[in-house]
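Novice: based on what follows, work out the 3D shape:
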Amino acid sequence: MPQLNVSLASPQACCNDMPYAKKPAFEQFRASQIAHGKPLAEKDVVPIQAAIVAHLDTIQELLVQKVRRQGHKETLVEISASWVGLDGDPKAAIAILRRFWPGRLFADVEEMYHVDRSEETVLLTFAVQYPSDRYLTGRLLVTF
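Specialist: Here you go, the predicted model:
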């Protein structure tokens, strides 16, 4: 089973260790995982997904609404959330997500994420490569 560090008590205790990537580099990283690896088993995804949601729940400006497991290789985990912060600007949401995205929840792995925005949404996509040639991909969709 992949290592998972779930000892984070709050986002204030976390600094982002997961590398942010520009879209072409992220897409290449994710495509390489999908082409050469296998998705994590469902039994391994469930605790990771729960830890991500628990961490996101500590961000006061974010309300997690729905979490589901997808069958698509590009998005194995999908999280939907609403932005409830006073600053309704997507740039504010991006700043908080980039600061608190749970990079430390993934131990001893290669990982990357990318953020896109529009006027009404922010989409954070992530990919994690485990040493066993297993991978986890996902996205967090934040609506305003």
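Novice: every contact and neighbour count from this point should use C-alpha atoms.
Specialist: OK.
Novice: just the strands in the protein please.
Specialist: Secondary structure of the chain (DSSP state E): strands located at 38-39, 62-72, 75-83, 110-117, 121-129, 134-143.
Novice: just checking, what packs against the second one?
Specialist: It stands for strand 62-72. In terms of contacts (3 or more CA pairs under 8 Å, 6 or more residues apart in numbering; DSSP states H and E), strand 62-72 is packed against helix 42-56, strand 75-83.
Novice: tell me which residues of the first one are tucked away?
Specialist: Of the residues in helix 42-56, those buried by neighbour count under the rule 16 or more other CA atoms under 10 Å are Val45, Ile48, Gln49, Ala51, Ile52, Val53, Ala54, His55, Leu56.
Novice: same check, this time on stretch 59-78
Specialist: Within stretch 59-78, the residues scored as buried using 16+ other CA under 10 Å are Ile59, Glu61, Leu62, Leu63, Val64, Lys73, Glu74, Thr75, Leu76, Val77, Glu78.
Novice: find the pair from the residues you listed with maximum spatial separation.
Specialist: Glu61 and Lys73 (29.5 Å; CA to CA).
Novice: from the centroid of the chain, which residue is nearest?
Specialist: Centroid check for the chain by CA atoms, centre = their mean gives Phe126 as the closest residue, at 4.9 Å.
Novice: quick check: closest non-adjacent residue to that residue.
Specialist: The shortest distance from Phe126 to any non-neighbouring residue, by CA to CA, 6 or more residues apart in numbering, is to Tyr113 (4.1 Å).
Novice: with Lys23 instead?
Specialist: Nearest to Lys23 is His114, by CA to CA, 6+ apart, at 6.2 Å.
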